[in-house]
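Engineer: Just the structure for this:
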Amino acid sequence: MVYRLSGLLLVVSAVVGLIGQVVAAVRWQGYYYPTEHLIGDLGVTGCVHLRDVFGPRYLCSPGHDWFNRGMLLAGALQVVAAVMLLFAGGRHTRRDSVAGRRRVGVLVAVAGMCLGTVGWYPREGMGGIHDIAGMAYAVTMWLAMMIAVQTTSHAVDRGLLPVLHGRYLNWTIVLLLVSIGGFVALVVLGPFTNLPGFFERVWFGTLSVWTVALGAALWRKPTWRQHEQRKWQRRSERDAHREEIDDALRKAVETLDNNQSNRADQT
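Structural biologist: Residues are numbered from 1 along each chain as shown. Okay, the predicted model is just below:
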């Protein structure tokens, strides 16, 4: 139950953050170009002309409260979900525990705090803190994804359930590579093209998608536990059946050898 609630909160946090962005973009004064404007531009509290490494832009976001409060709420929900993941499974057996949940939970909690900081400090007032918090959010999420993949690969050998299972593992690897690629493209190509917003959305958007994927994996954890238990049971039954066959073959060979020895003695 705790795993499922943690997963649900992660999904809700990603949806809340997305809603804040969409509403702020719809209420934008003038034309908001997702490929050119950065995500943080939506949180600017006044109408200003801003110049940075990505060029000059006119920013006017009457819906900035939607964006900033959405980031705050999304970050808070992510922290709560991560704390629940940290303390989940305390009364469970070893086979019912999720591998790597503590390390992943700590990193996801730190990422949630960084996400809330992005909403607390708008770009035009505290641009340095805003950008540092955004970068810290991405790095901690990358680390969480890497650890989730690593622990999943060793979970079965340790007799634990993986934090990611089935297709969620493959999705995590793909999203991790895409997110890192988006960041590299933003740094290398962003200042020289009209696509910094696109690259940033590839960078950050995939992290939100992974938040949903992690939430879905945790939501399905009880079902996956039953699947794993059935698989372990089938494996045990298969091993027992193989042992029965081996015993039967061994007895048959022994009987055949005894019969041949008796015939030899009679002759």
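Engineer: This structure: helices as residue ranges?
Structural biologist: In the chain, the helices defined using DSSP state H lie at 2-26, 64-87, 101-120, 127-155, 167-188, 196-219, 221-266.
Engineer: Compute the inter-axis angle for the first one and helix 196-219.
Structural biologist: Taking axes from the mean of the first three to the mean of the last three C-alpha atoms, to 10 degrees, one finds helix 2-26 and helix 196-219 inclined to each other by 160 degrees.
Engineer: ditto for the fourth one
Structural biologist: Angle, helix 127-155 to helix 196-219, by the same axes, to 10 degrees: 40 degrees.
Engineer: Residue 123 and residue 175, how far apart?
Structural biologist: 25 Å (C-beta to C-beta, to the nearest Å). For glycine as for every other residue, the C-beta is placed from the backbone atoms N, C-alpha and C.
Engineer: Quick one: neighbours of residue 17, just the number.
Structural biologist: Residue 17: 26 surrounding residues under other C-beta atoms under 10 Å.
Engineer: Let's see the pLDDT reported for it.
Structural biologist: pLDDT for residue 17: 94.
Engineer: re the thing from before, of all the helices of the chain, which one comes closest to residue 36?
Structural biologist: With C-beta to C-beta as the measure, helix 196-219 is the member of the helices of the chain nearest residue 36 (5.2 Å).
Engineer: Buried ones in the closest one, by neighbour count?
Structural biologist: Under the neighbour-count criterion of 16 or more other C-beta atoms under 10 Å, helix 196-219 has 196-219 buried.
Engineer: Equivalent analysis for stretch 31-39, please.
Structural biologist: 32, 36-39.
Engineer: Which member of these is positioned nearest residue 2?
Structural biologist: Once C-beta to C-beta is applied, the member of the buried residues of stretch 31-39 that ends up nearest residue 2 is residue 39, at 31.8 Å.
Engineer: So residue 45 versus residue 69, what's the distance?
Structural biologist: According to C-beta to C-beta, residue 45 and residue 69 sit 12 Å apart.
Engineer: Now residue 29. Its backbone dihedrals?
Structural biologist: phi -90, psi 120 (degrees, to the nearest 10).
Engineer: Quick check: chain neighbours aside, which residue is closest to it?
Structural biologist: Leaving aside its sequence neighbours, residue 29 sits nearest to residue 60 (C-beta to C-beta, 6 or more residues apart in numbering; 4.0 Å).
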